[in-house]
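Peer 1: Task: produce atomic coordinates for the following.
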Amino acid sequence: MTTLTGIAASPGIGIGPVHLVESHEADVNDGVLQPEAVAGEQERFRAAIAACRESVRKLRDTIALETGEEHARIFDTQIAILQDPEAMEQTLAAIATERRSAGYCYRRILTAVASRLEEADDEYYRERALDVRDVKRRVLAHLSGVTPRGLRDLTVPSLIVAADLPPSEMALAPRDKILGFATDLGGRTSHTAIMARARGIPAVVGLKEATEAARQGAVGLVDGTRGVVVFDPDEEVLEDHRRKQRRFEEVDATRAALKDQRCVTHDGVVVRLGANLEIPEELPGIQDHGADGIGLYRTEFFYLSRQTLPTEDAQYNAYRSVVESMAPKPVVIRTLDVGGDKFASYLGTPEERNPFLGLRGIRFSLQREDLFRTQLRAILRAAAFGNVNIMFPMVLGLEDFRRAKVIVAEVEAALRNEGVAIPDHVPLGAMVETPSSVFAIDLLAREVDFVSIGTNDLIQYTLAVDRGNEAIAEIYEPLHPAVLRAIHAVVNAGKQHGIRVGICGEMAGEPLYAVLLLGLGLKDFSLSPYLIPEIKTILRACDSAEAASLAEECLALGTPADVREQVTEFMHRRFPEHFLA
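Peer 2: Numbers count the residues shown, from 1 in each chain. Model prediction:
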């Protein structure tokens with residue numbers, strides 16, 4: 001039995017025989033062309049590009065009918081690649097000067113583009129390399145007159161294992177033949193992962209060694225909710241996941257009924273379950289899963305998905321579409337949070353020796369006021385069309401917040417002088433992600449309208465552990481007493497000063513922690529929309545008194561192991577249908 005952990009890309013559990021996909025692309029002629037054949041080869045290349053462009057457009061239309069326009073837009077990236085004049089001109093020039101085939105030249109040029117993207121610091125750029133390779137594969141196949149075998153030819157329901165999967169393959173695969181998929185590469189915002197979520201296919205990506213560990217035809221299981229893949233599972237593990245699969249299907253089946261139900265505990269405590277939004281294509285899932293709004297709108301997408309600065313109008317249009325779609329539900333828009341593990345070279349963010357302690361979050365925005373003011377103008381204009389809150393990332397204390405608040409006031413005044421309609425008041429909040437913001441929370445709480453606890457960074461900085469370092473991964477423990485006490489302190493300060501305290505990050509979406517977080521006093525969660533039904537089901541089945549009792553017991557414990565044992569025992573006993581031994 002081999003167990004691998006990767007990135008949970010699409011929820012659900014798939015169990016079945018492994019179908020191992022080998023990477024391949026059509027062979028190309030690498031011989032030298034006769035001079036008189038050059039013009040014909042150039043024309044053949046133009047025809048191949050046109051045909052592939054039409055093919056992708058048809059695929060886009062198919063997906064629009066099946067899953068909606070938002071998801072169909074992911075193929076606009078491939079259409080843009082096929083229409084790219086630079087790649088076209090370089091290929092035509094190479095055919096003429098080198099007298100090589102169109103396939104040979106185009107393969108070399110797009111391989112170089114994909115390689116540059118794969119070396120980028122930012123995950124978004126790395127994931128776009130898959131779109132470039134998909135386009136290259138499609139064009140080479142057309143030039144070679146080959147119709148490659150793909151997932152559409154599957155006859156047996158299978159778990160798909162591959163180094164990576166192009167979004168076109170995922171889009172064309174027969175839904176009844178795909179039990180789940182696992183890939184070595186990729187991230188949660190890859191177009192393939194988005195397509196899997198849109199089609200309801202369990203998926204885990206970024207496994208690194210899935211293709212090495214898998215055996216063709218052997219039994220495997222994919223847990224896309226937890227990010228775990230098991231090959232050749234023993235009977236106990238297999239039966240455990242079959243029970244989890246049945247439970248997930250039961251919860252999923254009640255999703256429609258739960259969608260319009262408020263998350264209210266047995267004793268009447270209302271809990272708000274907002275959704276995280278990273279890219280616009282995720283909006284349909286947020287609405288389908290009954291989110292109480294958007295608790296964290298990450299705006300880095302507008303900066304990291306391009307090589308030039310987004311204009312004010314481009315941002316405004318994007319923000320407005322989300323705000324209007326969610327109205328009257330609240331949308332918490334976090335201002336630009338680059339730095340750390342998010343990098344965009346054209347923004348002027350330096351490559352730092354220790355980026356997590358460097359120029360990131362609100363520090364960057366305060367240093368680049370030009371970018372900050374442009375973003376604030378776009379957000380404030382969009383706020384006229386719904387219920388908007390603005391949240392600043394990586395706030396260390398009052399000085400950061402006050403400086404940002406002054407700039408917001410100046411931008412508001414400028415917009416009003418221009419006759420632009422904006423709300424009388426847009427709530428301003430701060431993310432609590434560092435020990436300094438925890439220690440200064442009583443000061444912050446006097447001036448902010450709300451705070452949100454960003455657990456990923458709070459754990460990292462509180463425990464002084466790099467969450468991406470596998471060598472010390474076991475030290476990154478959300479249930480560490482220091483972390484729980486930090487959360488408790490922030491919640492208490494919020495109560496004392498009458499401000500809303502929310503929580504975002506991985507902790508907010510972990511079912512095992514749901515009752516404990518409620519017991520610590522949190523009533524405002526922001527999590528992946530796909531986890532909302534399960535968290536809602538758990539919280540609706542408990543009452544605040546038992547949650548408070550669990551939290552009190554855990555706060556009295558001295559070690560992370562003791563806390564985890566206490567929480568696990570409680571949740572397994574209280575919710576056996578969710579937590580199976």
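
Peer 1: How about stretch 558-569, which residues are buried there?
Peer 2: 560, 563-564, 566-567 (16 or more other C-beta atoms under 10 Å). To be clear about C-beta, it is placed using only N, CA and C from the backbone, and glycine gets the same treatment.

Peer 1: For that stretch, what is the distance to the chain centroid?
Peer 2: 29 Å (C-alpha atoms, centre = their mean, to the nearest Å).

Peer 1: Give me the mean pLDDT for that stretch.
Peer 2: Stretch 558-569 comes out with an average pLDDT of 94.

Peer 1: and if you look at stretch 175-185?
Peer 2: 88.

Peer 1: Between its first and last residues, what's the separation in that stretch?
Peer 2: 22 Å (C-alpha to C-alpha, to the nearest Å).

Peer 1: quick one: it to chain centroid distance?
Peer 2: Worked out by C-alpha atoms, centre = their mean, stretch 175-185 lies 18 Å from the chain centre.

Peer 1: I'd like to know which elements the helix or strand harbouring Ile390 is packed against.
Peer 2: Using DSSP states H and E, Ile390 maps to strand 387-392. Packing partners of strand 387-392 (3 or more C-beta pairs under 8 Å, 6 or more residues apart in numbering; DSSP states H and E): helix 312-326, strand 330-334, helix 369-382, helix 398-417, strand 428-432, strand 450-454.

Peer 1: just these: most buried one?
Peer 2: strand 450-454 (a mean of 27; mean count of other C-beta atoms under 10 Å).

Peer 1: just the angle between that strand and strand 428-432, please?
Peer 2: 30 degrees (axes from the mean of the first three to the mean of the last three C-alpha atoms, to 10 degrees).

Peer 1: Name the residues that touch stretch 544-551?
Peer 2: The contact list for stretch 544-551 (C-beta atoms under 8 Å, 6 or more residues apart in numbering) reads 265, 267, 269, 484, 488, 515-516, 518-521, 566-567, 570, 574.

Peer 1: Try it again at 10 Å.
Peer 2: Contact with stretch 544-551 is made by 265-269, 271, 484, 487-488, 491, 514-523, 539, 542, 566-567, 570-571, 574, as judged by C-beta atoms under 10 Å, 6 or more residues apart in numbering.

Peer 1: For the stretch 51-200 of the chain, which segments count as strands?
Peer 2: Per DSSP state E, counting those that start in this stretch, the stretch 51-200 of the chain carries strands over the ranges 158-162, 178-183.

Peer 1: Tell me which of those sits most buried.
Peer 2: strand 178-183 comes out most buried of those by mean count of other C-beta under 10 Å, with a mean of 28.

Peer 1: then that strand to PDB, C-alphas only?
Peer 2: Provided in PDB are the C-alpha atoms of strand 178-183 (Å, rounded to 0.1, in the frame of the first residue of the first chain):
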ATOM      1  CA  ILE A 178     -13.900   9.100 -14.700                       C
ATOM      2  CA  LEU A 179     -13.900   8.100 -11.000                       C
ATOM      3  CA  GLY A 180     -11.200  10.600 -10.000                       C
ATOM      4  CA  PHE A 181      -7.800  11.800 -11.000                       C
ATOM      5  CA  ALA A 182      -4.400  12.200  -9.500                       C
ATOM      6  CA  THR A 183      -1.500  14.100 -11.100                       C
END
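
Peer 1: how about the buried residues of stretch 558-569 in JSON lines, adding distance to Ile13 and secondary structure?
Peer 2: Below are those laid out as JSON lines (distance: C-beta to C-beta, whole Å; DSSP: H, G, I helix; E, B strand; the rest coil):
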{"residue": "Pro560", "distance to Ile13": "28", "secondary structure": "helix"}
{"residue": "Val563", "distance to Ile13": "27", "secondary structure": "helix"}
{"residue": "Arg564", "distance to Ile13": "23", "secondary structure": "helix"}
{"residue": "Gln566", "distance to Ile13": "27", "secondary structure": "helix"}
{"residue": "Val567", "distance to Ile13": "23", "secondary structure": "helix"}
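
Peer 1: For Pro388, which residues count as its bridge partners?
Peer 2: Actually, residue 388 is Val rather than Pro. Val388 has these beta-bridge partners by DSSP bridges: Val331.

Peer 1: That one contacts Val332, doesn't it?
Peer 2: Yes - assessed by C-beta atoms under 10 Å, Val388 is found in contact with Val332 at 8.0 Å.

Peer 1: quick one on the thing from earlier: and which of the buried residues of stretch 558-569 is nearest Ala64?
Peer 2: Val567 (43.9 Å; C-beta to C-beta).

Peer 1: Just the pLDDT for the spatially closest residue to that closest one that is not a sequence neighbour.
Peer 2: Nearest residue to Val567, sequence neighbours excluded (C-beta to C-beta, 6 or more residues apart in numbering): Leu516, at 5.6 Å. Looking at Leu516, its pLDDT is 98.

Peer 1: Look up how far Leu479 lies from Leu516.
Peer 2: 8 Å (C-beta to C-beta, to the nearest Å).

Peer 1: joint contacts of these two?
Peer 2: With C-beta under 10 Å, 6+ apart, Leu516 and Leu479 have common neighbours 507, 510, 554, 563, 566-567.

Peer 1: Just checking, which helix or strand of the protein averages the lowest pLDDT?
Peer 2: Every helix and strand in the chain was compared by mean pLDDT, DSSP states H and E; the lowest is helix 69-72, with a mean of 64.

Peer 1: Give me the below-cutoff pLDDT ranges for the stretch 51-200 of the chain.
Peer 2: 65-71, 120-127, 147-150, 172, 189, 191 (pLDDT under 70).

Peer 1: show me where it has helices.
Peer 2: In the stretch 51-200 of the chain, the segments counted as helices under DSSP state H, counting those that start in this stretch are 69-72, 76-83, 85-98, 102-118, 123-144, 167-172, 191-199.

Peer 1: how many other residues sit next to Met394?
Peer 2: Neighbourhood size, Met394 [other C-beta atoms under 10 Å]: 23.
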